[in-house]
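Novice: starting from these lines, generate the structure:
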Amino acid sequence: MLPQFGILLILLSLLSACSSAPTRDPAYSDSSYLATPESSVLLDYLEPQLSIHPSQTGVLPLAEGVDAFIARLALIRSAQSSIDLQYYIYRADETGKTLVWQLLEAAERGVRVRLLLDDTTSAPLESGLATLNHHPNIQVRLYNPVYSRTFRGLSWLFSFARLNHRMHNKSLTVDNMVSVVGGRNIGNEYFSANDELEFGDFDLLAIGKAVPAISDQFDLYWNAPLTIPLEQLLPKRLTREKLLQADAKMRLEQQAMQDHPYYQRLLQSQLITNMEQQQLDWYWGEAKVLFDPPDKLRSAEPESWMLADIGRFLSQVENNILIISPYFVPTAKGADALAQAVANGIEVTVVTNSLAATDVVAVHAGYKKYRRQLLEAGVSLYEVKADPDHKPSSWRGSSRTSLHAKTFVLDDKDVFVGSFNFDPRSAWINTEMGILLHQPKLAEHMQRQLGGALLRNAYRLALEEDELVWHDDAKQEVFYNEPAAGFWRRLSADILSLLPIESQL
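Specialist: Take a look at the predicted model:
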């Protein structure tokens, strides 16, 4: 009897640990972004542009994966006082490790580095993060983490309501002077360095007025009660031997990366030449930084959520709406709103993933049941192909492509770029962020680029004789079932569409 009672006590203590929400130790103080250096290489480089547009935000579109990675490398290498990174996913692959090496070198120069990650995918990174966090100039914190690092599965089982709420925000800010905001996480698939999967994504490199607002957003999350310092979660200190081993391994990996084909592609990027010759095409305009509160999970004020801001901007549209969202689940209310917009004379275009291209079949299952209603209402629907023959040059080497950019264009003049998907998860569960820029020329540029891309890379959906069909206008082919998806993927989507899971998509 006693042994059984002892086992019961152990199980109860485990369950208690797994269901507990960690709270930050008061010993860990808040911190805020550092002021922009009065003199730096980066400031000297940007000053000619900033002086012309003192009250505006300038953005540089980063559509190519290689360019997006180079931009991040260049910013980290040029940092003089501070680097703040905030990401939902951080992979321990070639691109992730390369950025870590650059962060360590920056820290060695005396730059303060703050790395804020969502805890969802941090398990494989724990030893590496602990090594990073050991540096006196680097701090690592995790958003809404599991309390028990050993029993993660049990934690999710007993604390699903809390742990289901994730930080989907993505930003990198250097010296409170330059930021990168958009749809990309950190990993090979986001930077054209993955042989199996390529995410077609989009970021903005921003300078000027919006950057301090992005820094404010970072501070709000960094100091939030849900954000826990890594050393509080992993209190065991690394031994000198472990640190030396990690350093030796890192040096070997750095050396090997020099011979990696991806490294050679980085050197061939036109962006490097454009940066060296100061031939970057900046788009300047008034900008708003939109973001959810870090305590969205506990907030009883939806008016403070990013969804409310987006709803207000959409309600002011007069002529046209272009939505690009890899995960598009409009819900009945959203589908009705888009249909009403068309009825009011507004042209609505939606670009999302095809079943063959999506990396989340469940999301496609949630979207597919709204296609007929949207098409009948007059919404233009396009689904991106998974065909590698139709990739831009920087996408070579991947066997499958998937749309991951999250952007919309309103009335040919306002452009949003960020982490927000048009689905219930972004609207109600996760936290999101992005930039809304009033810039007609950027809107025109994006729509011009998209026009050719849709012809080559997407199917145009239509209803013909009351049947849903997919047009490949580039090849002048018509499909009467989900193109290139395969029987089992189609069956999975059909089954998932019957389940009551829309609120979680």
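Novice: all contacts plus neighbour counts: C-alpha atoms, from now on.
Specialist: OK.
Novice: could you check how far stretch 177-194 is from the centre of its chain?
Specialist: Centroid displacement of stretch 177-194 relative to its chain, using Cα atoms, centre = their mean, to the nearest Å, is 8 Å.
Novice: need the distance between the two termini of that stretch.
Specialist: Using Cα to Cα, to the nearest Å, the end-to-end distance of stretch 177-194 comes out at 31 Å.
Novice: for it, buried residues please.
Specialist: With burial defined by 16 or more other Cα atoms under 10 Å, the residues of stretch 177-194 counted as buried are 177-194.
Novice: and stretch 413-429, by the same measure?
Specialist: Buried positions in stretch 413-429, judged by neighbour count with 16+ other Cα under 10 Å: 414-429.
Novice: which of the buried residues of stretch 177-194 fall within helices?
Specialist: Using DSSP state H, no member of these sits in helices.
Novice: quick one, helices of the stretch 151-300 of the chain?
Specialist: Counting by DSSP state H, counting those that start in this stretch, the stretch 151-300 of the chain has helices at residues 152-158, 160-163, 210-222, 230-233, 240-257, 261-267, 270-276.
Novice: for Trp282, state which of the buried residues of stretch 413-429 is nearest.
Specialist: Within those, the smallest distance to Trp282 is 14.3 Å, found for Val415 (Cα to Cα).
Novice: the nearest residue to Asp414 once chain neighbours are set aside pairs with what?
Specialist: Closest residue in space to Asp414, ignoring its immediate chain neighbours: His438 at 4.4 Å, by Cα to Cα, 6 or more residues apart in numbering. In this entry, His438 is beta-bridged to Glu286, Asp414, by DSSP bridges.
Novice: what score does His438 have for pLDDT?
Specialist: If you check His438, the pLDDT there is 97.
Novice: same deal with Leu12?
Specialist: At Leu12, pLDDT is 41.
Novice: cool, and Val350?
Specialist: 97.
Novice: the chain should start at 761 in everything you say after this.
Specialist: Okay, residue one is now 761; in that scheme the one you just asked about reads as Val1110.
Novice: counting neighbours, what do you get for it?
Specialist: By other Cα atoms under 10 Å, the residues close to Val1110 number 17.
Novice: spatially nearest residue to Lys1145, not counting backbone neighbours?
Specialist: Leaving aside its chain neighbours, Lys1145 sits nearest to Ala1218 (5.1 Å; criterion: Cα to Cα, 6+ apart).
Novice: next: Tyr1127.
Specialist: Distance criterion Cα to Cα, 6+ apart; nearest residue to Tyr1127, sequence neighbours excluded, is Val1089 at 4.6 Å.
Novice: now, among the buried residues of stretch 1173-1189, which is nearest to Phe959?
Specialist: Ser1179 (13.8 Å).
Novice: from Lys1166, how far off is the closest one?
Specialist: For Ser1179, the distance to Lys1166 equals 6 Å [Cα to Cα].
Novice: so what sits against both of these two?
Specialist: Shared contacts of Ser1179 and Lys1166 (Cα atoms under 8 Å, 6 or more residues apart in numbering): Gly942, Gly943.
Novice: in this protein, where is pLDDT below threshold?
Specialist: Along the chain, segments meeting pLDDT under 70 span 761-782, 785-787, 911, 955-957, 997-999, 1060, 1147-1160.
Novice: quickly list the domain ranges of it.
Specialist: Annotated domains of the chain cover 805-1036, 1048-1264 [automatic domain parsing].
Novice: can you add distance to Ser789 and give those domains back as CSV?
Specialist: Converted to CSV, these look like this (distance: least, Cα to Cα, whole Å):
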stretch, distance to Ser789
domain 805-1036, 8
domain 1048-1264, 17
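Novice: looking at the buried residues of stretch 937-954, which are in strands?
Specialist: Using DSSP state E, Val938, Ser939, Val940, Val941, Gly942 are the members of these that sit in strands.
Novice: how much does the helix or strand hosting Ser887 deviate in direction from helix 1000-1017?
Specialist: Taking DSSP states H and E as the definition, one finds Ser887 inside helix 886-893. Using axes from the mean of the first three to the mean of the last three Cα atoms, to 10 degrees, the direction of helix 886-893 lies 100 degrees away from that of helix 1000-1017.
Novice: find the residue at the geometric middle of this protein.
Specialist: Per Cα atoms, centre = their mean, the C-alpha nearest to the average position across the chain is that of Gly943, at 3.5 Å.
Novice: let me see the contact set for that one.
Specialist: Gly943 sits next to Lys930, Asp961, Phe962, Asp963, His1164, Ala1165, Lys1166, Val1177, Gly1178, Ser1179 when contact means Cα under 8 Å, 6+ apart.
Novice: list only buried entries from those residues.
Specialist: Counted by 16+ other Cα under 10 Å, the contacts of Gly943 give Lys930, Asp961, Phe962, Asp963, His1164, Ala1165, Lys1166, Val1177, Gly1178, Ser1179 as buried.
Novice: for Arg832, see how far away the third one is.
Specialist: According to Cα to Cα, Phe962 and Arg832 sit 13 Å apart.
Novice: same thing with the last one?
Specialist: Distance check for Ser1179 against Arg832: by Cα to Cα, it reads 17 Å.
Novice: the first one now?
Specialist: Between Lys930 and Arg832 the distance, using Cα to Cα, works out to 13 Å.
Novice: then Leu864?
Specialist: Distance of Leu864 to Arg832, given as Cα to Cα: 14 Å.
Novice: Trp1248: which element?
Specialist: Counting by DSSP H and E, Trp1248 is found in helix 1247-1256.
Novice: so which elements touch that helix?
Specialist: Counting contacts by 3 or more Cα pairs under 8 Å, 6 or more residues apart in numbering; DSSP states H and E, helix 1247-1256 is packed against helix 1121-1128.
Novice: ok, then the element right after the helix it packs on?
Specialist: Next along the chain after helix 1121-1128, taking DSSP H and E as the criterion, comes helix 1131-1137.
Novice: and the contacts of that next one?
Specialist: Residues outside helix 1131-1137 that contact it (Cα under 8 Å, 6+ apart) are Ala1095, Leu1098, Ala1099, Val1102, Ala1103, Ser1140, Leu1141, Leu1221, Ala1222, Leu1223, Leu1228.
Novice: ok, then the element right after it?
Specialist: Using DSSP H and E, the helix or strand that follows helix 1131-1137 in sequence is strand 1140-1144.
Novice: what does that next one rub up against?
Specialist: 1108-1114, 1117, 1131, 1134-1135, 1162-1163, 1214, 1217-1222.
Novice: report the secondary structure state of the residue lying closest to Glu1204 once chain neighbours are set aside.
Specialist: Once flanking residues are discounted, Glu1204 sits nearest to Asp1172: 6.4 Å by Cα to Cα, 6+ apart. At Asp1172 the chain is in coil, as set by DSSP: H, G, I helix; E, B strand; the rest coil.
Novice: and Asp1172, how far from Ala1006?
Specialist: Distance of Asp1172 to Ala1006, computed by Cα to Cα: 51 Å.
Novice: now swap in Leu1115 and tell me
Specialist: Counting by Cα to Cα, the gap from Leu1115 to Ala1006 is 42 Å.
Novice: neighbour count winner among those two?
Specialist: Legend: neighbour count by other Cα under 10 Å for Leu1115 and Ala1006, higher for Leu1115 (27 against 15).
Novice: may I have the phi/psi pair for that one?
Specialist: When read as degrees, to the nearest 10, the backbone of Leu1115 gives phi -60, psi -40.
Novice: these two touch, right, it and Glu1242?
Specialist: Yes: taking Cα atoms under 8 Å as the definition, Leu1115 is a contact partner of Glu1242 at 6.6 Å.
Novice: give me the common contacts of these two.
Specialist: Taking Cα under 8 Å, 6+ apart as the criterion, Leu1115 and Glu1242 both touch Arg1250.
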